[in-house]
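S.K.: Model the structure of this input:
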Amino acid sequence: MSEQSPAEDTREGYTDALPEYAERVLGVAERIPPGRVMTYGDVAEWLEEGGPRQVGRVMALYGGAVPWWRVVRADGVLLPGHELRALGHYREEGTPLKEAGRSTEGHLPRLDMRRARWDGGAVADGHT
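M.R.: Numbers count the residues shown, from 1 in each chain. Got it, this is the predicted structure:
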């Protein structure tokens, strides 16, 4: 997601207005299990369409109705502007984190991508 606020509307309220690609991206975000994450690039690769920027744009515009905190940057840095909200979700779900070092701005942890990254297996029924 970009630095824009996640949309607060419910997904059902504007489903008819969503582009097909956005529906597919949001569908992947909904499949990511609690405590796990996929990068923007992972989602695009899984869909075999678009790229990280396109996924990020979809999440910025429509992601508020799905677990947006589970679609992340590849470097594990928390979403700028939404760090504390995301951190609350990660802690609640038990998502693996790397504690911040003294030199880290704001002393916020990062996601432990090696342990938190989900490959889309098992729960992702229907993938072609």
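S.K.: drop to CA atoms for contacts and neighbour counts, all remaining ones
M.R.: Will do.
S.K.: how near is residue 33 to residue 81?
M.R.: 24 Å (Cα to Cα, to the nearest Å).
S.K.: who's more crowded, the two?
M.R.: More crowded of residue 33 and residue 81, by other Cα atoms under 10 Å: residue 33, with 16 against 12.
S.K.: residue boundaries of the helices in this structure?
M.R.: 20-31, 40-47, 52-62, 83-93, 113-116 (DSSP state H).
S.K.: Distance to residue 73, mean pLDDT and mean neighbour count for those helices - can I get that in CSV?
M.R.: Listed next are these as CSV, based on distance: least, Cα to Cα, whole Å; pLDDT from 0 to 100; neighbours: other Cα atoms under 10 Å:
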stretch, distance to residue 73, mean pLDDT, mean neighbour count
helix 20-31, 14, 97, 18
helix 40-47, 6, 97, 20
helix 52-62, 9, 97, 21
helix 83-93, 12, 96, 15
helix 113-116, 10, 97, 16
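S.K.: Next, the distance between the ends of stretch 94-113.
M.R.: 13 Å.
S.K.: Residue 67 versus residue 34, what's the distance?
M.R.: From residue 34 to residue 67 the distance is 9 Å (Cα to Cα).
S.K.: Run a quick check on residue 22 versus residue 58, I expect a contact.
M.R.: Yes. Counting by Cα atoms under 8 Å, residue 22 does reach residue 58; the two are 5.6 Å apart.
S.K.: Around residue 98, how many other residues sit close by?
M.R.: Neighbour tally, residue 98, other Cα under 10 Å: 12.
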